[in-house]
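1. Sequence first, then the predicted structure:
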Amino acid sequence: MFGLYRYALALMVVFAHVWGTLDGGINWFGLYAVFSFYMLSGYLMTLVLTERYSFTRDGVVGYLTNRFLRIYPVYWAVLALAIPVAWLDPRAAFGASPFFHLPPDVHSWLKNLLIVGLHLHPTNPAACEPVRLIPPAWTLSVEVIFYVAMGVALSRSRSIVAVWLATSVAYAVVAVTQGWPLFFRVSTLYAASLPFSIGAAVYFIPSRRLPRWLLTAICVAFAANVCSASRIWHDPLGGGLYTSLALSAVLLYGLRSWTPQSTRVRNADRLAGDLAYPIFLCHCTAIAVVIIAAFGDVRPAQTTLLLASLLPIHLLAFAIHTTVAAQIEPLRGRIRSGSAGSRH
């Protein structure tokens, strides 16, 4: 029951890009969503590696092949749409995101095509990739790196995950107590290790179905922390971020064992999950097209832009899902079946 959850996180990223800043500071909506995505990936990748693919050579190859098919075809489809938008109307592209430009050189083009390399530099903010045709794709670079690391080593056993989690917590504690700049607390691979390791650790906690009222209360608390972080916390990207992580962990634990009885809810969850990844990737391109078509290249007020963009974002995401992701799914299913068969 993760489809609606992924969809809500994707909309948080959309909100963050439309609003840009909140209360004069960095928009925390997007980072809260990204860290929750990381945690969900840590859980799901540990789950499928352990229960579906195994850690044999063939199992890891099947797992990585399916990860490639999940991420890259849809990414390249959105990239193909983003290139002409950035080329024909750079002003509208900039209105959607300040990172949305045509790459200036071959090196930047390669990073945009391959994803790996778009992640923020581990030690030097000035060395970060300044051009991303799909602005949130730097997080995919982080995901790809951890997908490989989890398949090769990090998710292989409960004890390894425990060491990984302890190391990640130690890094976060040092970063906070030593007053390290925000960049080192939220934007590096080391910072991303914490939510990934928490998600992997959740897998190894025995499953127990939470009461519906408690799961609802956790959802409300998560949403309240997101919407009111600047009022609750002196630093929304300090205490607010780590509170969001804690609530995400409990929410992840609760959702893992909750299956709705209603067929309509299950279908809605499936559709929402199908749209989440395309929405995450295509929303800046759709926003740029809306700025061109509806506002004459001039970015309007945030609320106006959000309301005008929501339908085009969903229509584009649905088109990408049906023409790309859904067509590849039978192949991914055969790979999953083959990997499961090889375990017996």
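-> Ah, there it is. Numbers count the residues shown, from 1 in each chain.

2. Any regions of the stretch 1-150 of the chain where pLDDT drops low?
-> Applying pLDDT under 70 to the stretch 1-150 of the chain flags the ranges 21-26, 120-129.

3. which stretches of it form strands?
-> Here the stretch 1-150 of the chain has its strands, by DSSP state E, counting those that start in this stretch, at 21-22, 25-26.

4. and stretch 268-288, which residues are buried?
-> Of the residues in stretch 268-288, 269, 272-288 count as buried by neighbour count, 16 or more other Cβ atoms under 10 Å. Using the backbone N, CA and C atoms, a C-beta is placed for each residue, glycine as well.

5. Could you do stretch 252-261 as well?
-> Those would be Leu252, Tyr253, Gly254, Leu255, Arg256, for stretch 252-261 by 16+ other Cβ under 10 Å.

6. got it, and stretch 245-253?
-> For stretch 245-253, the neighbour count (16+ other Cβ under 10 Å) marks Leu245, Leu247, Ser248, Ala249, Val250, Leu251, Leu252, Tyr253 as buried.

7. Contacts for it, please.
-> Here stretch 245-253 makes contact (Cβ atoms under 8 Å, 6 or more residues apart in numbering) with 5, 35-36, 39-40, 43, 194-195, 198-199, 202, 205, 210, 215, 218-219, 221-222, 225.

8. quick one: that stretch to chain centroid distance?
-> For stretch 245-253, the separation from the chain centroid amounts to 15 Å (computed by Cα atoms, centre = their mean, to the nearest Å).

9. for the spatially most central residue of the chain, what are its contacts?
-> What sits nearest the mean C-alpha location of the chain, by Cα atoms, centre = their mean, is Phe37, with 4.2 Å. Contact partners of Phe37, counting by Cβ under 8 Å, 6+ apart, are Arg6, Leu9, Thr139, Glu143.

10. among the residues you listed, which are in helices?
-> Arg6, Leu9, Thr139, Glu143 (DSSP state H).

11. dump the residue contacts of the first one.
-> Under the criterion of Cβ under 8 Å, 6+ apart, the contact list for Arg6 reads Phe37, Leu40, Ala272, Gly273, Ala276, Tyr277.

12. Show the average pLDDT along the helix or strand hosting the fourth one.
-> Pointing back at Gly273 there. Applying DSSP states H and E as the criterion places Gly273 in helix 263-295. In this model, helix 263-295 has a mean pLDDT of 96.

13. Give me the packing partners of it, helices and strands only.
-> helix 3-19, helix 57-88, helix 90-96, helix 302-320 (3 or more Cβ pairs under 8 Å, 6 or more residues apart in numbering; DSSP states H and E).

14. Dump the C-alpha coordinates for the first one into CSV.
-> As requested, the backbone C-alpha atoms of helix 3-19 are provided in CSV (Å, rounded to 0.1, in the frame of the first residue of the first chain):
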residue,chain,number,x,y,z
GLY,A,3,1.2,3.9,-4.3
LEU,A,4,-0.8,6.8,-2.7
TYR,A,5,2.2,7.5,-0.4
ARG,A,6,4.6,7.8,-3.4
TYR,A,7,2.0,10.0,-5.1
ALA,A,8,1.7,12.3,-2.1
LEU,A,9,5.5,12.6,-1.9
ALA,A,10,5.7,13.4,-5.7
LEU,A,11,3.2,16.2,-5.2
MET,A,12,5.3,17.6,-2.4
VAL,A,13,8.2,17.9,-4.8
VAL,A,14,5.9,19.6,-7.3
PHE,A,15,4.8,22.1,-4.6
ALA,A,16,8.5,22.7,-3.7
HIS,A,17,9.4,23.6,-7.3
VAL,A,18,6.4,25.8,-7.8
TRP,A,19,6.9,27.8,-4.6
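
15. by how many degrees do that helix and helix 263-295 diverge?
-> Per axes from the mean of the first three to the mean of the last three Cα atoms, to 10 degrees, the angle that helix 3-19 makes with helix 263-295 is 20 degrees.
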